[in-house]
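Chemist: Quick one, structure for this:
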Amino acid sequence: MDRLPLLLLPLLLLSLLPPACAGSSIYTFRATYTVTNTSPSPVEGWVEVFAFDNENLGWGFQRVLEESFSAPPQESRTGDNRVLRFSLGRLSPGGSAVVSLTQILRVRGVRWENLEGEGGIPQELLGLTSPVPSLWEDAPELRERAGELRGETPYQTARNLFEFVRDYLTYFSQAANQSALQVYHSRVGKCTEFSNLFIALARLSGLPAKFLAGYGYNPEWGENAERMGHAFVALYLPGAGWVPVDETWRGGQFGELSEDHLLLFSSDGSNLVREDEFSVPGERWSGGTRLDKSLLLYREAAVEVRLEGAVEGDNVRLWATVRNAGRSRLENLRVTLSAAENAFAPFQATRELDPLDPGQTGSLPFSLRPLRGLENFPLTAEVRADSPYGEVSSEGTLLLTVAIRPSPSPSLPLLWILLPVALALLLLLALRLRR
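Modeler: Numbers count the residues shown, from 1 in each chain. Have a look, this model is predicted:
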């Protein structure tokens, strides 16, 4: 039987999707703090900063691999947060001292599979359902809106709140800090204000919620960590525990964290308001001095993969383009292409790629023969590589549309020609059998 010809619409309809939450990267964070005595008298200098740790709400997505300090700090914890205090000694008028820290972290993407759990809110978390004046207010309009969005289950309520806030507010990166009520009326804010409105509505719905701050890695900002500052939310769902909610990152993420999130700080709201004004706490330092800082964040080891395709006869030809997106050489690169069963004839799913130096790219071809029609069919390429700090990985996904039509039926004139020939052959065969 002849193979069925393919009709691919339009060319392939390959649509690149954002990377999935299954990747992992290695980041280096470097902070340098200079404290200068601006007073006319000597000062005992010190600086206190938040630092990355391995707690991160039990999510296990972030791990400190290495860290070093220019001087040994005193370490303590404030709530969920790790705090380092550096003593700088006695500073004379006009004198200064410098302290620095370096942390290397592995961050991997995570996704919560089942958020429709059963159970109630633990007693010790009920305080996290309370409003906070001048921040997450108990205002009539907010309470009314929370009531309108209440679902049949805590999960459905949370999803309703998430979708409402994402669609109700307009993102503006230069927006001033606003409380939940303020941004509810202005309808314009950055990630901080999106988080504040979600937290206020969640707490008014009886769901515990915390404010999270850290960095959202974006290569467009170079190494400037301050420009990468980012805020999102930790939400407690019965049966599922703490789950992340990010209203603004890549169109919104609910119950998932991509590997470009770095968590530095969390708050129950008690330290976010001073003199009725909302602000996220940062470094603290000795009185009578000025603090200058330099915060750098970059990928020490990372890999990216992109899928592209074209039609060659009856086959779909794909190319997986892999790029070394970090500063370390990558070796033992393996690219695995995955698709649902019975969609394609057997193909070589995993292929190896030569080592890549920083910034270098490589490409691997894959040839697939569709066995059936496909519409918005996802194909995923996963790349894994070894770095000096361990394995890194990434995923690239595209959508494929293939329409398969059967071979055309013979035309009517051809049938009129073939039919008499077939009858004549049958007649000759019958005559031979009678002899």
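Chemist: ok, which stretches of the protein are helices?
Modeler: 140-148, 154-168, 180-186, 191-204, 412-434 (DSSP state H).
Chemist: Going by mean pLDDT, which of these comes out lowest?
Modeler: The weakest mean pLDDT among those belongs to helix 412-434, with a mean of 58.
Chemist: Strands along the stretch 51-200 of the chain, start to end?
Modeler: 62-69, 74-78, 81-91, 96-108, 110-111, 170-171, 188-189 (DSSP state E, counting those that start in this stretch).
Chemist: Go through those strands and name the closest to R372.
Modeler: With CB to CB, the closest approach to R372 among those belongs to strand 110-111: 28.6 Å. (C-beta placed from N, C-alpha, C; glycine too.)
Chemist: That closest one - contacts with which helices or strands?
Modeler: Counting contacts by 3 or more CB pairs under 8 Å, 6 or more residues apart in numbering; DSSP states H and E, strand 110-111 packs against strand 256-257.
Chemist: So what are the sheet partners of the strand it packs on and their directions?
Modeler: Counting by DSSP bridges, the strands paired with strand 256-257 are strand 110-111 (antiparallel).
Chemist: Thought G288 was touching W46, still the case?
Modeler: No. Under the criterion of CB atoms under 8 Å, W46 makes no contact with G288, lying 11.6 Å away.
Chemist: With neighbour numbers in mind, choose between the two.
Modeler: Looking at W46 and G288 with other CB atoms under 10 Å, you find the greater number of neighbours at W46, namely 21 against 17.
Chemist: Distance of the more buried one relative to S387?
Modeler: 37 Å (CB to CB, to the nearest Å).
Chemist: likewise L398?
Modeler: Between L398 and S387 the distance, using CB to CB, works out to 26 Å.
Chemist: center of this structure - which residue?
Modeler: In the chain, the C-alpha nearest the mean C-alpha coordinate belongs to S258, at 2.1 Å (CA atoms, centre = their mean).
Chemist: Hmm, it is touching G109, no?
Modeler: Yes. Contact criterion CB under 8 Å: S258 and G109 qualify, at 5.0 Å.
Chemist: Would you map out the domains in the protein?
Modeler: Using automatic domain parsing, the domain ranges for the chain come out as 24-107, 108-280, 302-404.
Chemist: for those domains, which one sits closest to L295?
Modeler: With CB to CB as the criterion, L295 lies closest to domain 108-280 of these, at 3.8 Å.
Chemist: Can you give me the end-to-end span of that closest one?
Modeler: One end of domain 108-280 to the other measures 25 Å (CA to CA, to the nearest Å).
Chemist: How about stretch 54-61?
Modeler: 9 Å.
Chemist: Show me which residues of it are buried.
Modeler: Neighbour-count burial for stretch 54-61 flags N56, L57, W59, F61 (criterion: 16 or more other CB atoms under 10 Å).
Chemist: go on, stretch 233-245?
Modeler: Of all the residues in stretch 233-245, those buried under the rule 16+ other CB under 10 Å are V233, A234, L235, Y236, L237, P238, A240, G241, W242, V243, P244, V245.
Chemist: same check, this time on stretch 393-406
Modeler: Residues of stretch 393-406 classed as buried under the neighbour-count rule (16+ other CB under 10 Å) are S393, S394, E395, G396, T397, L398, L399, L400, T401, V402.
Chemist: so which of the residues you listed would you say is closest to D357?
Modeler: For the buried residues of stretch 393-406, the closest approach to D357 (CB to CB) belongs to S394, at 17.2 Å.
Chemist: can you list the weak-confidence ranges in the stretch 1-150 of the chain?
Modeler: Scanning the stretch 1-150 of the chain with the threshold set as pLDDT under 70 gives 1-21.
Chemist: ok so, going back, turn the domains of the chain into JSON lines, including distance to L296.
Modeler: Conversion of the domains of the chain to JSON lines gives the following (distance: least, CB to CB, whole Å):
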{"stretch": "domain 24-107", "distance to L296": "4"}
{"stretch": "domain 108-280", "distance to L296": "4"}
{"stretch": "domain 302-404", "distance to L296": "12"}
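Chemist: S294: which of those domains is closest?
Modeler: In this view, the domains of the chain are compared for proximity to S294 by CB to CB, and domain 24-107 is the closest at 4.5 Å.
Chemist: Quick one: end-to-end distance for the closest one.
Modeler: 6 Å.
Chemist: before we move on, what about stretch 366-383?
Modeler: Across its full length, stretch 366-383 reaches 14 Å end to end, with CA to CA as the criterion.
Chemist: and if you look at stretch 341-359?
Modeler: With CA to CA as the measure, the ends of stretch 341-359 fall 35 Å from one another.
Chemist: buried ones in that stretch?
Modeler: Neighbour counts using 16+ other CB under 10 Å place A343, F344, L353, L356 of stretch 341-359 among the buried residues.
Chemist: Just say which of the strands of the stretch 51-200 of the chain is most tucked in.
Modeler: Of all those, strand 188-189 carries the top mean neighbour count, a mean of 21, counting by mean count of other CB atoms under 10 Å.
Chemist: What pairs with that one, parallel or antiparallel?
Modeler: Using DSSP bridges, the strands paired with strand 188-189 are strand 170-171 (parallel).
Chemist: Give me the distance from the partner strand to the chain's centre.
Modeler: Centroid displacement of strand 170-171 relative to its chain, using CA atoms, centre = their mean, to the nearest Å, is 19 Å.
Chemist: what about A22, how many neighbours?
Modeler: Taking other CB under 10 Å as the neighbour definition, A22 ends up with a count of 16.
Chemist: Pull the contacting residues for S286.
Modeler: Contacts here follow CB atoms under 8 Å, 6 or more residues apart in numbering; on that basis S286 touches V35, V43, E44, G45, W46, V47, L88, L91.
Chemist: Closest to G269 out of those residues?
Modeler: Nearest to G269 out of the contacts of S286 is V47 (CB to CB; 25.1 Å).
Chemist: Setting the sequence-adjacent residues aside, check what's closest to the closest one.
Modeler: Among residues not flanking V47 along the chain, W285 sits closest, at 4.4 Å (CB to CB, 6 or more residues apart in numbering).
Chemist: Equivalent analysis for A301, please.
Modeler: Nearest to A301 is S387, by CB to CB, 6+ apart, at 3.5 Å.
Chemist: List the contacts of the one you found.
Modeler: For S387, the residues meeting the contact criterion (CB under 8 Å, 6+ apart) are I26, E300, A301, G326, S328, R329, L330, E331.
Chemist: how about a cut-off of 6 Å?
Modeler: S387 sits next to A301, S328, L330 when contact means CB atoms under 6 Å, 6 or more residues apart in numbering.
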